[in-house]
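[1] what follows is a predicted structure for the sequence shown.
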Amino acid sequence: MTLDYSSHPSELVEGGEVQGVKKMVTVDDLKKAIPAHCFKTSYTKALGYLARDFLVVALLGAAAWTYIPQLESRLARYAAWLLYGYFQGLAFTGVWVEGHECGHMAFSPSHRLNDFIGFILHSALLTPYFAWKSTHRRHHIYANNLAKDHNYVPPQKEEYAQSLMFNSNTEKLEELTEDVPFVTLMRIVMQQILGFPWYLLSNITASPGSLYRKQSSSFLGNSHFLPSSTLFRPEEAHLILASDIGIGIVAYGLYLASLRWGFSAVALLYIQPYMWVNHWIVAITYLHHTSPQVPKYQPEAWTFMKGALATVDREFGWVGKHMLHNIIEYHVIHHLFSRIPQYHAEEATKAIMPLLGDSYRQEKQRYFLPALYEAFTTCQWIESDQVADPKERAYWYKAGPSPPPERSMGKRSWT
């Protein structure tokens, strides 16, 4: 049995009006402004994009395997392999994004085809398709809800102060200086390398309220890999097991490939670009939802519309448009209407921008590393804007030094 995740979050969550736009608009107002064809998926376009991605992956792999070993200079070979890893990492990420589209039923008109292709694509990149699909769907339903979101739920003042062993005079938190640049850079590198696999293992950065049951103290109890994990309903267990089997098959295939061609070949051709996929997944998601421009909300103030609009579209040029399938440039529309396919995202975004006014947030800076550094230094904790009415209150990011690394959901290294 395949569970139906096709309902759009706006159909499941009440609430929709947001202040700060040119007029009070609802999800229905935005939907009416978008051309009807933007909501339609196409077998031809979907399979065409996927075939193109496969062709790029195959050509890059074949070229690297054939020509890089022929370079006489060791330095030239090292440089060529590094370049291969970077560009193949972009191609792999494009494939991962296609799997992400499948999880939202935005790939093709067929739900079965979407799940079949999504399962293959994500398993090939060591991502548990059905497990991730389940939690990612709830991230979309409860985006930027401090009690229920699955992604990048930041600490509030008291928790942040405790993490720094700063248990008194919390009013002085904003006077603390930031980390030295080298420390910040090392923390960013650690986040980019370990962030995604550690999230899958421990549900790190999620709110405890995102769980279906009481938080588990066992190692995999809150993970994306255990069928009985607190993340999933009992009726999802067979899908979680299927995700694990898919990853197991791919891991075994990589093991056999290393026996046949050597571990170094597998490391250079697959593991290296796979690490870039980890980086892009973490960096893209982090920057969409972490910015001084975007608020977070407590449940009494949160609505689906507020949460969906509390994200940032970022310009990434040709690579973002053609290799990463618009996932960076048009994330706001993706949160509002997650079943709009990536090839209609630009048109749909332009259709709703006049209605959203200043509530549409966009950053046209194309340099990802400076953006990561800015987010990492200016977005360490959140504080309420002190609006009297709790239903109108928002929480905004504040700067400060990095807290100790988290080991698991809600557990940092001092505990």
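    Cool, the structure landed.
[2] do you have the strands of the stretch 301-415 of the chain handy? List them.
    Remark: strands assigned in the stretch 301-415 of the chain by DSSP state E, counting those that start in this stretch are 313-314, 362-363, 381-384, 395-398, 406-408, 411-412.
[3] what is the least confident helix or strand in the protein?
    In the chain, no helix or strand scores lower on mean pLDDT, DSSP states H and E than helix 9-12, which sits at a mean of 40.
[4] which outside residues touch stretch 79-92?
    53, 56-57, 60-61, 63-64, 67-68, 71, 125, 268-269, 272-277, 279-280, 319, 323-324 (CB atoms under 8 Å, 6 or more residues apart in numbering). For glycine as for every other residue, the C-beta is placed from the backbone atoms N, C-alpha and C.
[5] what about burial for those, which qualify?
    For the contacts of stretch 79-92, a burial check counting by 16 or more other CB atoms under 10 Å picks out 53, 56-57, 60-61, 64, 68, 125, 268-269, 272-274, 276-277, 279-280, 323-324.
[6] how about the secondary structure of residue 228?
    coil (DSSP: H, G, I helix; E, B strand; the rest coil).
[7] tally up the residues packed near it, please.
    Neighbours of residue 228 under the rule other CB atoms under 10 Å: 14.
[8] for the stretch 301-415 of the chain, give me the ranges with low pLDDT.
    366, 404-415 (pLDDT under 70).
[9] sort out which residues of stretch 182-202 are buried, please.
    184, 187-188, 191-192, 195-196, 198-202.
[10] ignore the last one, stretch 384-395
    Going by neighbour count (16+ other CB under 10 Å), the buried part of stretch 384-395 is 384, 393-395.
[11] do the same with stretch 335-353
    By neighbour count on 16+ other CB under 10 Å, the buried set for stretch 335-353 is 335-345, 348-349, 351-353.
[12] so which of the residues you listed belong to helices?
    The helices, defined by DSSP state H, take in 335-336, 345, 348-349, 351-353 from these.
[13] in CSV: these, plus distance to residue 233.
    Output for these, formatted as CSV (distance: CB to CB, whole Å):
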residue, distance to residue 233
335, 23
336, 26
345, 30
348, 32
349, 33
351, 36
352, 33
353, 37
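[14] and residue 156, its phi and psi?
    Dihedral pair for residue 156: phi -90, psi 180, per degrees, to the nearest 10.
[15] quick one, what contacts it?
    Neighbouring residues of residue 156 by CB under 8 Å, 6+ apart: 146, 381-383, 395.
[16] any of those residues buried? List them.
    Buried among those by 16+ other CB under 10 Å: 146, 381-382, 395.
[17] farthest pair in those?
    Spanning the widest gap among the buried ones among the contacts of residue 156 are 146 and 381, at 12.1 Å by CB to CB.
[18] got the end-to-end distance for stretch 293-300?
    Chord length of stretch 293-300, first to last residue, is 21 Å (CA to CA, to the nearest Å).
[19] buried set for that stretch?
    Those would be 294-298, for stretch 293-300 by 16+ other CB under 10 Å.
[20] among the residues you listed, which two are most distant?
    Largest separation among these by CB to CB: 294 and 298, giving 15.2 Å.
[21] low-scoring stretches of the chain, by residue?
    For the chain (pLDDT under 70), the answer is 1-23, 165-180, 366, 404-415.
[22] same thing but at 80, please
    Within the chain, the set of residues satisfying pLDDT under 80 comprises 1-24, 161-184, 364-368, 402-415.
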